[in-house]
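Enquirer: Turn this into a model:
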Amino acid sequence: MRAGFQDQGLTFHQAVILASIVQREAIVEEEMPLIASVFLNRLSAGMKLDSDPTVQYALGYDPIKTTWWKTPLSLDDLAISSPYNTYLQVGFPPGPISNPGLSALKAIAHPSQTPYFYFRAVCDGSGRHNFSQTFEEHQQNACP
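Expert: Next comes the predicted model:
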């Protein structure tokens, strides 16, 4: 796997951070390499990672809802000042946001090769995602 991380231009630390984000984004394990490709494509293009789970991590534990992972996030949530907020910070957060599993680590080492820069949950509750190349396509994938 270390060779795969290097092939992606990542240090071991960066790979674990990115795998932790993939771990939190993916509900369906087989989509992990696709999700990894999106984040790697964004990094290659100089884009921000723009990952909801990093904001959820930055928000921390919600004692009212008794959860670490608030959903849905509000626009105010996306503006939280934190080095973990990848909507505001360019590059990697300072550390992992979760404990990545082997599948997430493998997805970073051997991502799918795609033209995708965006993904959004399918509106059927399956946990699957629609992937798109452009922001316009991404917006069209929004739930009604």
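Enquirer: do you know how far the residue with the largest distance to the centre of the chain is from Lys70?
Expert: Largest separation from the mean C-alpha position in the chain: Ile64, at 25.5 Å (Cα atoms, centre = their mean). Distance from Ile64 to Lys70, counting by Cβ to Cβ, to the nearest Å: 10 Å. All C-beta atoms are positioned from the backbone trio N, CA, C, and that covers glycine.
Enquirer: secondary structure element for the nearest residue in space to Ile27 that is not next to it in sequence?
Expert: Spatial nearest neighbour of Ile27, excluding adjacent residues (Cβ to Cβ, 6 or more residues apart in numbering): Gly127 at 2.9 Å. Element membership for Gly127, per DSSP states H and E: none, as it lies in no helix or strand.
Enquirer: what about Cys140, distance to Thr114?
Expert: No, residue 140 isn't Cys; it's Gln. As judged by Cβ to Cβ, Gln140 and Thr114 stand 18 Å apart.
Enquirer: Neighbour count: these two, which is higher?
Expert: Thr114 (17 against 11; other Cβ atoms under 10 Å).
Enquirer: If I look at the closest residue to that one other than its chain neighbours, what pLDDT would I see?
Expert: Spatially, and ignoring its direct neighbours in sequence, Thr114 is nearest to Ser37 (4.4 Å; Cβ to Cβ, 6+ apart). You'll see Ser37 listed with a pLDDT of 98.
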